[in-house]
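Asks: here is a sequence with its predicted model. Questions after.
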Amino acid sequence: MGEYSHTVDNKGRLIFPAKFRDDLGEKFIATKGLDNCLFVYTQEEWAILENKLKQLPLAKPEARAFVRFFFAGAAELEADKQGRVLLPNNLREYAKLDKDVIVIGVSSRIEIWSKEAWEEYNSQINPEVTRIAENLVDLGI
């Protein structure tokens, strides 16, 4: 959990917060996420998610499309000795990660957002949080 401001250098490298690096382990998975950010998973969490996605019905076009979206953009990453992670170009382009980024912890994953997209998302969602919370009551939360 948490929210951290960082920058992507001109080689496409991002320094992950030390706490996240410790939690991720040596190698981890990054992929295109929802809301035009990147999702980052530990190897263990990725395996759990992969097993769930394998259960989706192959006959449904929406299921095939989502699985393609999620897996085609995935890459195995690892940090160097300075804690820098080289983000693949296709992932940087997808999430529009040019320089200033926000790295957030979201339960079982990390999300990487462009600073502009994160600020825009927050400006839209913050006024709606109370209504959203009320709707989550129906889900037992």
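Replies: Cool, the structure landed. The structure displayed is predicted, hence computed values, not measured ones.
Asks: let me know the outermost residue of the protein.
Replies: The outermost residue of the chain relative to its centre, with distances by Cα atoms, centre = their mean, is Ala59 at 27.3 Å.
Asks: that's a helix at that one, yeah?
Replies: No - counting by DSSP: H, G, I helix; E, B strand; the rest coil, Ala59 is not found in a helix; it is coil.
Asks: now do the same for it: its pLDDT.
Replies: On pLDDT, Ala59 comes in at 88.
Asks: now do the one 10 residues further on
Replies: Note on Phe69: pLDDT of 89.
Asks: for the nearest residue to it once chain neighbours are set aside, grab the count of nearby residues.
Replies: Leaving aside its chain neighbours, Phe69 sits nearest to Lys32 (6.3 Å; criterion: Cβ to Cβ, 6 or more residues apart in numbering). For every residue, glycine as well, the C-beta is placed using N, CA and C. Number of residues near Lys32 (other Cβ atoms under 10 Å) recorded here: 18.
Asks: and Lys32, bridged to which residues?
Replies: Leu38 (DSSP bridges).
Asks: now do the same contact list for it.
Replies: Neighbour list for Lys32: 38-39, 69-70, 73-74, 91, 94-95 [criterion: Cβ atoms under 8 Å, 6 or more residues apart in numbering].
Asks: nearest spatial neighbour of Ile110, skipping sequence neighbours?
Replies: Using Cβ to Cβ, 6+ apart, the nearest residue to Ile110 is Val40, at 4.0 Å.
Asks: where's that neighbour, which helix or strand?
Replies: Per DSSP states H and E, Val40 falls inside strand 38-42.
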